[in-house]
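Asks: Return a 3D structure for these sequence lines:
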Amino acid sequence: MTSDIETLSVEDTNSREEDNLFEILNSRREGLTDEEVNERIEKFEYSQFVPEKTNPVIKFLLLMWNPITWIMILTASITIVLSHGGGKPTDWEVFIGILFLIIINATINFIQQRKSGNNVDTLTESIEPEAKVKRNNYWKIVKAVELVRGDIINIKSGDVVPADGRLIDINDKILMDQSSLTGQSFPVNRSVGDEILCGAICRQGEGTAIISATGPETFAAKTMMLTNIDYRISHLQTILLRINNFRIFSIVLFIIVELLIMYVGFGYDYRRGINNILALLVGGIPMVMIIVFTIIFVHIPKQLSKYKTIAKYFPSIEELSGVTILCVDKTGTLTLNKIVIEKYSIKKYSDIETNDIIYYAALASNIENQNVIDACIISTYGDINKFNSIDKRTEITYKRINDGSVRRVTKGMPHTILDLCTRFKTNEQIKQFNDDVEEFAQRGFRSIAVAIQDIQDEENGFKLIGLLPIYDPLNSDAKETIDNARQL
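Replies: Below you'll find the predicted structure:
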């Protein structure tokens, strides 16, 4: 039993029946007891993912392990080898000076990266996510790091999944945003028996899940481990390396010419000629250039910190400075990330007024676990058929108090609603509807169609009443942001 708990991962749970999963994880729907939780915490420790840290000494030495440093070390070695002899002492000063420049450069990089790492650690410690977990048959709120395998957790709209697990019960169809894990931009449907991944965000619905993996065993933690690259040549280092290669090639040509002139033409003695060659070699290679660039880039993190930006990976600043095309998500960057209705552009297809169209659309919106569109036009009235991703619409049936009539209202994807409508639908209306949808699309609006049906009506069909244009307004400083980006 224990060995299964130690090795079980979210992938393993996909092939197991629900009851069998409870048995393997030694859990139950009532949740674990406090004694069981303490035993598992003592054995497996807290479910906190701590990235593997490199020894500071090794990290410092790795900062000196790059092509530019290799060239500088090669130059220093050549200086020692060639300057030996001729009855004069070896030029140790030049060798020590070059090594000193290398150490200075690595030290500046090391100090800056350490400061950035400390800032990130401080920020991480200040954020302590919590989870709703069932223990001793009671729901309670605990820190996410205190969760263990076999815990029963509750997930609702807006929650971040605290660990890998599998859904065992849902109140409604759940939409999970896994874009940060899989790169899939649209939320995915999750039903009973489906896996949920740590770090995913619940966008709609509510459910209960059993945890199968925590901390470093989660999918997110394993993905982060795959991205830990020990060394990578930055864009700036590549440019400096090309400059150095060109200069070295030029210096070699000059040295060959100088050797022929000094030793063949003028007959210089060994040490006199070597001193001239070493002066050309040391002076021609831009050893101080990398130090100058490093000192310049040290001040950039200080400027970024004023805008609450932390540069965790120092070479990323170099990469950012060389960006020619910047791709950003407009949502929340250039826009307010708040969906609104363009009231003055609403299209009418009946004698129902604009305000009433919004009213009917609100009736067909979800009261709880709202998506962004429902939150835009929400109002509470009656029992609601929640949004169905297959039907692509929501629906409500209600009874009017004043006359006792029963009416059904639906809203959703334009052409899905249009196909439902049978009353007063003409070719002219269909053409106008399609033109309006196209017009909204060209203006950057999303379209939501609204239709109503009077149940007692003999024709008993939906009637198209309006088309709502929905959009995300621009930030007041959107133009300024774009102008500033162009000037970078």
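Asks: tally of neighbours for residue 255?
Replies: 16 (other C-beta atoms under 10 Å). To be clear about C-beta, it is placed using only N, CA and C from the backbone, and glycine gets the same treatment.
Asks: scratch that, residue 206 is what I was asking about
Replies: 17.
Asks: Surely it touches residue 157?
Replies: Yes. Shown here, residue 206 and residue 157 form a contact pair, counting by C-beta atoms under 8 Å, at 6.8 Å.
Asks: for the stretch 251-400 of the chain, what spans make up the helices?
Replies: 270-284, 289-305, 315-321, 354-363, 372-377 (DSSP state H, counting those that start in this stretch).
Asks: Go through these and find the least confident stretch.
Replies: Mean pLDDT values for those show the minimum at helix 372-377, a mean of 64.
Asks: Show me how the record splits this protein into domains.
Replies: Annotated domains of the chain cover 2-47+147-225, 56-124+233-321, 340-471 [automatic domain parsing].
Asks: Tabulate these (a markdown table), appending distance to residue 327.
Replies: Shown next, in a markdown table, are these (distance: least, C-beta to C-beta, whole Å):
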| stretch | distance to residue 327 |
| --- | --- |
| domain 2-47+147-225 | 13 |
| domain 56-124+233-321 | 13 |
| domain 340-471 | 18 |
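Asks: Of all those domains, which one comes closest to residue 480?
Replies: Closest to residue 480 of the domains of the chain is domain 56-124+233-321 (C-beta to C-beta; 14.4 Å).
Asks: What strand or helix carries residue 57?
Replies: In this structure, residue 57 sits in helix 56-62 according to DSSP states H and E.
Asks: And residue 249, by the same measure?
Replies: Counting by DSSP H and E, residue 249 is part of helix 235-259.
Asks: for that helix, packing partners?
Replies: helix 67-82, helix 270-284, helix 289-305, helix 315-321 (3 or more C-beta pairs under 8 Å, 6 or more residues apart in numbering; DSSP states H and E).
Asks: out of those helices, which comes closest to residue 338?
Replies: Closest among the helices and strands packed on helix 235-259, once you apply C-beta to C-beta, is helix 289-305, at 27.3 Å.
Asks: What are the phi and psi values at the spatially closest residue to residue 213 that is not a sequence neighbour?
Replies: Excluding its sequence neighbours, the residue lying closest to residue 213 (C-beta to C-beta, 6 or more residues apart in numbering) is residue 164, at 3.9 Å. With angles defined as degrees, to the nearest 10, residue 164 sits at phi -70, psi 140.
Asks: Quick check, pLDDT for residue 164.
Replies: At residue 164, the model reports a pLDDT of 88.
Asks: what about the residue lying closest to residue 30 once chain neighbours are set aside, distance to residue 180?
Replies: Residue nearest to residue 30 in three dimensions, not counting chain neighbours: residue 137, with 4.1 Å by C-beta to C-beta, 6+ apart. Distance, residue 137 to residue 180, using C-beta to C-beta, to the nearest Å: 34 Å.
Asks: out of the two, which sits in the busier spot?
Replies: The neighbour comparison of residue 137 against residue 180 (other C-beta under 10 Å) goes to residue 180, with 14 against 11.
Asks: just wondering, since we're on that one, how far is it from residue 272?
Replies: If you go by C-beta to C-beta, the gap between residue 180 and residue 272 works out to 66 Å.
Asks: any chance of the helices and strands packed on helix 235-259 in a markdown table, with mean neighbour count too?
Replies: As requested, the helices and strands packed on helix 235-259 are exported to a markdown table (neighbours: other C-beta atoms under 10 Å):
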| stretch | mean neighbour count |
| --- | --- |
| helix 67-82 | 17 |
| helix 270-284 | 16 |
| helix 289-305 | 15 |
| helix 315-321 | 15 |
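Asks: Of all these, which one is nearest residue 210?
Replies: Per C-beta to C-beta, nearest to residue 210 of those: helix 315-321, 38.7 Å.
Asks: wait, what's in contact with residue 99?
Replies: Listed by C-beta atoms under 8 Å, 6 or more residues apart in numbering, the contact set of residue 99 reads 73, 76.
Asks: my read is it is in a helix, agree?
Replies: Yes. Counting by DSSP: H, G, I helix; E, B strand; the rest coil, residue 99 is located in a helix.
Asks: What pLDDT does the model give residue 428?
Replies: Reported pLDDT for residue 428: 91.
Asks: For the chain, which element, helix or strand, carries the lowest mean pLDDT?
Replies: Here the helix or strand of the chain ranked lowest by mean pLDDT, DSSP states H and E is strand 383-388, holding a mean of 46.
Asks: Name the residues of the helix holding residue 57 that are buried.
Replies: 59-60 (16 or more other C-beta atoms under 10 Å).
Asks: do stretch 179-199 as well
Replies: Applying 16+ other C-beta under 10 Å to stretch 179-199 flags 181, 187-188, 190, 194-199 as buried.
Asks: Closest one to residue 448 out of those, please.
Replies: residue 187 (17.9 Å).
Asks: isn't that closest one right up against residue 173?
Replies: No. Counting by C-beta under 8 Å, residue 187 stays clear of residue 173, with 10.7 Å between them.
Asks: Return every residue with contacts to both of those two.
Replies: residue 204.
Asks: now the strands: where do they sit in the stretch 301-450 of the chain?
Replies: Using DSSP state E, counting those that start in this stretch, the strands of the stretch 301-450 of the chain run over residues 340-341, 347-348, 383-388, 393-399, 406-412, 446-454.
Asks: So the nearest residue to residue 107 once chain neighbours are set aside versus residue 106, what's the distance?
Replies: Closest residue to residue 107 apart from its sequence neighbours, by C-beta to C-beta, 6+ apart: residue 60 at 7.8 Å. To residue 106, residue 60 is 6 Å away according to C-beta to C-beta.
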